[in-house]
Each structure stands twice: as C-alpha cells, then as structure tokens.
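Peer 1: attaching a predicted model along with its sequence, questions to come.
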Amino acid sequence: MTAPQLLVLSRRNAEAYEPEGVEICISISDPDLSEARLSEKFAAVLRLKFFDVLSPVPGQSIVFGPEHAQAVVRFVEAWPLADRIVVHCGAGLGRSPGIALGLSDRAGWPTQVLENRYPIANALVRRMLAAHHSATITNHDA
C-alpha cells in the first residue's frame, strides 16, 4: 500500500504544469480572483476559493471551513488510484501545503518532508481537514 505523491505548487507553476499518468488537482484561489488556467490532462480538478487567513477578518470573511474540508475529502476519495495529487494556491506556501498536510494527517502519510519544506503552511486548513469527520482516506496499491 502506498500513498499518492503530493505535489504543492504556486499558481504560476500549476498553470505551466503538465500531468503525466493519473493526476488530480486541488486548485485554490482567492475569492476575488479568477480561476487558474490548468492543463486539460488532469483526470479531475477541484476548485476552491478562500483566503489564506486563520480566522475571519473584516472584508475577507471567506476562510477554510467544514464545507471546504468535506469537498476535499470527497474529491480525493473519488480518485483512490490517483498517482499524484497536485495542490496549488497563489504562492504555494500557505493554503496548498495546509491541504497536503491535512490529507497526510488523515491518511497517516508521512509529513516530515512537507513540514520542513513549508514551515508557514496554513495551520487552520491543516487542522480542519485532518479533523473532518466524514469518511477516512486510505492508502492504495501503486
């Protein structure tokens, strides 16, 4: 049993990225920005819009919440044989590593490399996703 590879990218790098094999993408953007232009070679894309904040602030009240966590879990569970999960946000430093770490926490996948590479990963996103109480993500055969 192996985990899919997790690849965290910035929006710019995600827009230039070309998938190989069965790859899915979680595309995160600010609510007031247009969606990223991604390759049609992705097997599936989940698009989310929320700000990279830890709690609501005036003028930026859209933060990662239970509905986002549920969407991410359902999306990943719908693709149990994905070779790679690409996660991107604007800079690739906060929200997308938070998603990658939350998915890893849920499934028991290793986190040390991600934690070292992304020290400012969004902790709210990670906690909410890891604690979401729907089905459990499982490993799959490579």
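Peer 2: Nice, thanks for sending it over. These numbers come from a predicted model, not from an experiment. Numbers count the residues shown, from 1 in each chain.

Peer 1: roughly how far does I28 sit from Q112?
Peer 2: Taking C-beta to C-beta, to the nearest Å as the measure, I28 falls 23 Å from Q112. For glycine as for every other residue, the C-beta is placed from the backbone atoms N, C-alpha and C.

Peer 1: please apply the same query to P58.
Peer 2: 37 Å.

Peer 1: got it, and A71?
Peer 2: From A71 to Q112 the distance is 27 Å (C-beta to C-beta).

Peer 1: the more surrounded of the two?
Peer 2: Taking neighbours as other C-beta atoms under 10 Å, A71 and Q112 compare with A71 leading, 15 against 8.

Peer 1: the more buried one and L46 touch, don't they?
Peer 2: Yes: the pair A71 / L46 is scored as a contact, 6.3 Å apart, by C-beta atoms under 8 Å.

Peer 1: can you tell me how far the closest residue to D105 other than its chain neighbours is from A100?
Peer 2: Leaving aside its sequence neighbours, D105 sits nearest to A130 (C-beta to C-beta, 6 or more residues apart in numbering; 3.7 Å). Per C-beta to C-beta, A130 is found 11 Å from A100.
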